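Engineer: Could you work out the structure for the sequence below:
(one chain, ligands or ions: 1)
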Amino acid sequence: MPAMAKQARGQPIPLLSVPGEQPAQPQYVRLYRRIREGVLQGMLAPGTRLPSARMLARDEGLSRNTVEAALAQLQAEGFVVRRVGSVSWISDRIRNEPLTPRRYRVPEPARPGRPGLGEAGRPARLSARGRSMAALAEDDLMRPGLFFAPCTPALDALPLDSWNRIASRTARRASGSYLMPPPAAGLPALREAVAGHVGMSRGVRCTADQVVIVNSTQQAIDLVARLLLDPGDAVWFEDPGYISARQAFRAAGARLVPVPVDEEGLDVAAGSALAPDARLAYVTPSHQYPLGVTLSLERRIALLEWAVQADRWVLEDDYDNELRYEGRPHAAVQGIDIAGRVIYAGTFNKILYPTLRVAYLVLPQELVEPFARARLLTHGYVPTLTQRVLAEFLDEGHFASHVRRVRGLFRERRNGFLAAAAKHLPDDVSIGPAAAGMHVALRLPPGRADGPVSAAARRRGIALPRLSEHYLGTPRDGVLVHYGNAPPRDIDRCVAALGELLARGG
Ligand SMILES: Cc1ncc(COP(=O)(O)O)c(C=O)c1O
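Structural biologist: Here you go, the predicted model:
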């Protein structure tokens, strides 16, 4: 028996508040957890003798059986050693275990804006990948309730009646099968429906077995980055470009090569000069994010010519592909790619609702299996019931009529924005192309920084993301107006507020 255990009475059990303690826990569990916590926090050192079960019962006001049950549990887990005659002490064998109080203290929750900070505010030791992921900022402007909140479609126009009818009918009919995970690449019915839909509406050439269902474009980009890029591989990235894509590529260790965007979209010749041997080009050809231009046919062909020369990929993010108000929509780049170098990503989250979490990839055949398997790793599948409901929603034509309806609605909102801009904004604010989508980019007059304008608008409850943040190279100042979820009267009021801010210099 260790020397310390020779104390006659034994050391009292420290009064400790144990993390995660529930009032409903049985008494013996509470005593067990207190003693264990005392050991983990270094208050009950190895070799310390505990009071006898009888004394413990008296001191703690518990029954003898309760104390015996706690000690038996501690003994079974190796914290406590017991001898005949009910002498017990803290096991000596844990002396050399890495049980330091520091290690076992429950970390304080990270404070907002300080990701990864653990005990005493010191940064947690993260992997290089972890550091790059933790550096991502949460977008404050995505908060619901702000006017012009990005990525918020016309929620009031959702055909909830049809959706709910299909959902309850499907849930009844599918009995328990929807409680099980879907196949790795997605539910066959939804893959069929998506293949039909993108073939018809976007000129994408594919069969259902090229479709992999994912929960967002973001997940699609993350999978592409992780499966096709090694750390240090170069990626052509539109400049300005979509911040969330930039973050996903960075987190995968890619080297981003900013490629300028002009009125014809991505400058492919510039890309070829800057990084001819890049592994991938990320593009938003139908409606460049954030500037709103469309990739010209010449550039589309040049991009495919670049991709076909070696083992290179084009990731086409067709995020708001349904919404064009003027001219004929360009078919997807994927539709003119005969060499199978284009990976096409589309999403339902933007046109239906953001928490739906259904998007899809159309992949060259050889990538389908690896992507489907890799998606399993994250368990980020779309629930089976949601997939089934969406498949029927598409098959029965509800999605197509919703698109027709919101296209009209967004056109009205776009017109409302343009009218309000003509009325309230100074002439030296230049308004980007507004022929498609749910947002417009505004360029501020030379010398006018977008930071203060965006911050002042935010204080008035209006989300106007800064254009300059979207650049990797030399930034241009401007703001993005996401008018999608704003009724015309709010559009006029908010644009008037922006006009006032600009006039005041704030
Ligand atoms: C360029 C671009 N791609 C993709 C998305 C979003 O798609 P998801 O919600 O499916 O990730 C957005 C959202 O605004 C976007 O701007």
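Engineer: Tell me the pLDDT of the residue of the stretch 351-500 of the chain found nearest the ligand.
Structural biologist: The stretch 351-500 of the chain approaches the ligand most closely through Ala359 (4.3 Å), counting by Cβ to the nearest ligand atom. For every residue, glycine as well, the C-beta is placed using N, CA and C. With respect to pLDDT, Ala359 scores 97.
Engineer: ok, now Cys494?
Structural biologist: pLDDT, Cys494: 95.
Engineer: Need the residues that contact the one helix or strand it maps to.
Structural biologist: Assigned by DSSP states H and E, Cys494 belongs to helix 488-504. By Cβ atoms under 8 Å, 6 or more residues apart in numbering, the residues outside helix 488-504 that reach it are 147-148, 412-413, 416-417, 419-421, 423-426, 429, 444, 448, 453, 456-457, 460, 462, 464, 479, 481, 483, 486.
Engineer: Can you pull out the low-pLDDT segments for this structure?
Structural biologist: Along the chain, segments meeting pLDDT under 70 span 1-8, 16-17, 19-21, 85-86, 95-122, 137-144, 505-506.
Engineer: one step back: next up, the contacts around the closest residue to the residue of the stretch 351-500 of the chain closest to the ligand other than its chain neighbours.
Structural biologist: Spatial nearest neighbour of Ala359, excluding adjacent residues (Cβ to Cβ, 6 or more residues apart in numbering): Thr347 at 3.8 Å. The contact partners of Thr347, by Cβ under 8 Å, 6+ apart, come to 216-217, 319, 358-360.
Engineer: ok, 10 Å please
Structural biologist: If a contact means Cβ atoms under 10 Å, 6 or more residues apart in numbering, then Thr347 has 151, 214-220, 317-321, 354, 356-360 as its contacts.
Engineer: Over to Val80?
Structural biologist: 32, 35-36, 39, 44, 48, 50, 70-74, 88-91.
Engineer: What of Ala128?
Structural biologist: 231, 253.
Engineer: ok, it to the ligand distance?
Structural biologist: 25 Å (Cβ to the nearest ligand atom, to the nearest Å).
Engineer: next one: Leu160
Structural biologist: Distance check for Leu160 against the ligand: by Cβ to the nearest ligand atom, it reads 20 Å.
Engineer: swap in Ala76?
Structural biologist: Ala76 sits 49 Å away from the ligand, going by Cβ to the nearest ligand atom.
Engineer: Could you do Tyr282 as well?
Structural biologist: From Tyr282 to the ligand the distance is 9 Å (Cβ to the nearest ligand atom).
Engineer: how about that residue, phi and psi?
Structural biologist: Listed backbone geometry of Tyr282 is phi -100, psi 120, with angles given as degrees, to the nearest 10.
Engineer: Which residue, neighbours along the chain excluded, lies closest to it?
Structural biologist: Tyr282's closest residue in space is Leu315 (Cβ to Cβ, 6+ apart), at 4.8 Å.
Engineer: Would you verify that that neighbour is located in a helix?
Structural biologist: No: going by DSSP: H, G, I helix; E, B strand; the rest coil, the assignment for Leu315 is strand, not a helix.
Engineer: Look up how far Val342 lies from it.
Structural biologist: Separation of Leu315 from Val342 (Cβ to Cβ, to the nearest Å): 8 Å.
Engineer: The two - which one has more neighbours?
Structural biologist: A direct count of neighbours by other Cβ atoms under 10 Å for Leu315 and Val342 places Val342 higher, at 27 against 24.
Engineer: dump the residue contacts of the more buried one.
Structural biologist: Counting by Cβ under 10 Å, 6+ apart, Val342 touches 204-205, 281, 283, 285, 300, 303-304, 307, 313-316, 332-336, 362-364.
Engineer: same thing but 8 Å
Structural biologist: Contacts of Val342 (Cβ under 8 Å, 6+ apart): 304, 307, 313-316, 333-334, 364.
Engineer: likewise Leu361?
Structural biologist: Neighbours of Leu361 in contact, by Cβ under 8 Å, 6+ apart: 211-212, 214, 220, 223-224, 343-345, 371.
Engineer: One more: Asn321?
Structural biologist: Counting by Cβ under 8 Å, 6+ apart, Asn321 has contacts 201-202, 286-287, 329, 332, 346.
Engineer: at 6 Å instead, please
Structural biologist: Residues in contact with Asn321 (Cβ atoms under 6 Å, 6 or more residues apart in numbering) are 202, 286.
Engineer: That one and Arg125: what is the separation?
Structural biologist: Relative to Arg125, Asn321 is positioned 43 Å away (Cβ to Cβ).
Engineer: Just flag the most distant two among the contacts of Leu361.
Structural biologist: Distance extremes for the contacts of Leu361: the farthest pair is Val211 and Val224 at 15.0 Å, using Cβ to Cβ.
Engineer: so which residue of the stretch 1-150 of the chain comes closest to the ligand?
Structural biologist: Proximity of the stretch 1-150 of the chain to the ligand (Cβ to the nearest ligand atom) peaks at Pro150, 6.0 Å away.
Engineer: what's the closest non-adjacent residue to that residue?
Structural biologist: That would be His482: by Cβ to Cβ, 6+ apart, it lies 4.6 Å from Pro150.
Engineer: Quick one: name the residues of the protein near the ligand.
Structural biologist: The interface of the chain toward the ligand, taken as Cβ under 6 Å from any ligand atom, is made up of 150-151, 216-218, 242, 284, 289, 317, 319, 347, 349-350, 359.
Engineer: swap the cut-off to 8 Å and go again
Structural biologist: 150-151, 215-221, 242, 244-245, 284, 289-290, 317, 319-320, 345, 347-350, 354, 357, 359 (Cβ under 8 Å from any ligand atom).
Engineer: re earlier: TSV please, covering the contacts of Val342 and showing distance to Ser168.
Structural biologist: Shown next, in TSV, are the contacts of Val342 (distance: Cβ to Cβ, whole Å):
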residue	distance to Ser168
Leu304	45
Ala307	46
Trp313	42
Val314	41
Leu315	37
Glu316	36
Val333	39
Gln334	36
Pro364	38
